[in-house]
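**Q** curious how this folds, go ahead:
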Amino acid sequence: MITAAAIGASAFAQGFERPPAVVVVDRARITYLAPSVDVPGTVVSLNDARLASELAAKLNWIADVGTEISEGDTVARLEVITFRLYEMEAESRVVKEKARVTFLRSEKARLQQLAEKNLSAKSQLDQIISDLAVAESDVWIAEAQLGQAKVAMHVTQIRAPFDGIVTEKLRNIGERLKVADEVIRLVDPNSIEVVARAPLNTVNFIKVNEVLALHNDFREGEGAVRAIVPFGNPQSHMFEVRLSVDSEVWTIGESVRLSMPTAAAKEVLTVPRDALVLRREGTFVYRIDDELKAEQVSVITGLGAGKLIEVIGDINAGDRIVTRGAERLSTGMMVEISDDRGGTSSGTAATQ
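**A** Residues are numbered from 1 along each chain as shown. Below is the predicted model of the structure:
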């Protein structure tokens, strides 16, 4: 006979039954991994220039730090008075020399007619021909000098060779500049790469266009090897590697760590690093079976690369492994599988 007390106790127990734990899972998978070492790198711009004056002149204007500049825009201007006078002088010299050539050509034509009848006119013709050749040469010299004066006028405005941002003013308005004095620094923030120095024992395990993992304290990402400088430093036993990276992820000047392989890749069983549960008695992962029950599996870890790590144990490729929520689990517990966006699923449909 079932008493009222027994019925009440059963209802109480059912009302306080523990709900399934909500977890996020991923699949164990076979992956090619290689042992690696982290080396330091720095994000730099491919276009980073300190623009200099090509003339000796006073600085009249300079763009402010932080100004966005397009290719060809003026970033600084020099005083132009002296160079405008040089240009005017050169223009006058060209006019003068051309006038002399015009005169000598008319004299040549006149003397050619007289030379047919007069020996003295023939002697004068020879002199005129010589003078005309010299005068034509002087025109070319004058035009070259005018070209130089125009170039000088042009470079009184220092122009940007690429799109970028002014990051530093190296001189101030009113200062007298000499030729090759640096005036302003321009950096392109949209064309960047990572420069790293790696041990020589890694050079044989990377190639151009290979994608390597990058990380620092704030973010993770990857970069494609753009260039490998194959000449190591005999003192440091390091070589340089450059990687193309996304300018929307990384910032110029940022320090990063670059994972460089130290041996050939091999095929291993991997799980996400977040799946590991570290306890005093060892390292575990939790596998979810078709009935949505958790099972604790002891593993030994091996190679790691980025978010993945090799595991050795009673795990098979394709097994559902808990990557979030494992700290609350124990063997035999029922779970609900979250899609990592707040939704949950149950039953065998969750295995897909």
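**Q** and the strands in the stretch 151-300 of the chain?
**A** 157-159, 164-169, 176-177, 182-187, 192-199, 211-215, 220-229, 238-244, 255-261, 266-272, 277-279, 282-288, 294-305 (DSSP state E, counting those that start in this stretch).
**Q** low pLDDT regions in the stretch 151-300 of the chain?
**A** 232-234 (pLDDT under 70).
**Q** same thing but 90
**A** 197-206, 212-213, 218-220, 229-239, 247-248, 259-266, 279-281 (pLDDT under 90).
**Q** sec struct for the spatially closest residue to Q296 that is not a sequence neighbour, please.
**A** Among residues not flanking Q296 along the chain, T331 sits closest, at 4.8 Å (CB to CB, 6 or more residues apart in numbering). Heads up, the C-betas are built off the backbone N, CA and C, glycines and all. On the three-state scheme (DSSP: H, G, I helix; E, B strand; the rest coil), T331 is labelled coil.
**Q** ok, now L132?
**A** helix.
**Q** can you give me phi and psi for the residue lying closest to it once chain neighbours are set aside?
**A** Spatial nearest neighbour of L132, chain neighbours left out: L104 (4.1 Å); criterion: CB to CB, 6+ apart. Note on L104: its backbone torsions stand at phi -70, psi -30 [degrees, to the nearest 10].
**Q** what's the answer for the one 10 residues further on, then?
**A** Phi and psi for L114, reported as degrees, to the nearest 10, are phi -70, psi -30.
**Q** list the contacts of it.
**A** By CB atoms under 8 Å, 6 or more residues apart in numbering, the contact set of L114 is 121, 125.
**Q** quick one: pLDDT of it?
**A** Listed pLDDT for L114 reads 80.
**Q** state the distance from it to L125.
**A** 8 Å (CB to CB, to the nearest Å).
**Q** likewise for R287?
**A** Relative to L125, and taking CB to CB, R287 is found at 109 Å.
**Q** then S255?
**A** Between S255 and L125 the computed distance is 80 Å (CB to CB).
**Q** quick one, which of these two is more surrounded?
**A** Neighbours per residue (other CB atoms under 10 Å) separate S255 from L125, with L125 holding more: 20 against 11.
**Q** contacts only, for the more buried one.
**A** 108, 111-112, 114-115.
**Q** try Q235
**A** Neighbour list for Q235: empty [criterion: CB under 8 Å, 6+ apart].
**Q** also V225?
**A** With contacts defined as CB under 8 Å, 6+ apart, the neighbours of V225 are 206-212, 241-243.
**Q** a markdown table for the residues you listed, including neighbour count and distance to A34?
**A** Output for the contacts of V225, formatted as a markdown table (neighbours: other CB atoms under 10 Å; distance: CB to CB, whole Å):
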| residue | neighbour count | distance to A34 |
| --- | --- | --- |
| I206 | 17 | 10 |
| K207 | 9 | 13 |
| V208 | 11 | 17 |
| N209 | 9 | 17 |
| E210 | 13 | 11 |
| V211 | 11 | 13 |
| L212 | 22 | 11 |
| V241 | 26 | 16 |
| R242 | 19 | 20 |
| L243 | 24 | 17 |
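**Q** with distance to G282 as extra columns, can I get these in TSV?
**A** TSV is the format used below for those (distance: CB to CB, whole Å):
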residue	distance to G282
I206	35
K207	38
V208	42
N209	40
E210	35
V211	34
L212	32
V241	38
R242	42
L243	37
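**Q** so which strand or helix has the closest residue to R176 other than its chain neighbours?
**A** Distances taken as CB to CB, 6+ apart put K58 closest to R176, at 5.4 Å, once the chain neighbours are dropped. Element membership for K58 (DSSP states H and E) is strand 57-62.
**Q** look up how far A21 lies from the residue nearest the centre of the chain.
**A** Nearest residue to the geometric centre of the chain (CA atoms, centre = their mean): I192, 1.6 Å. I192 is 44 Å from A21, where distance means CB to CB.
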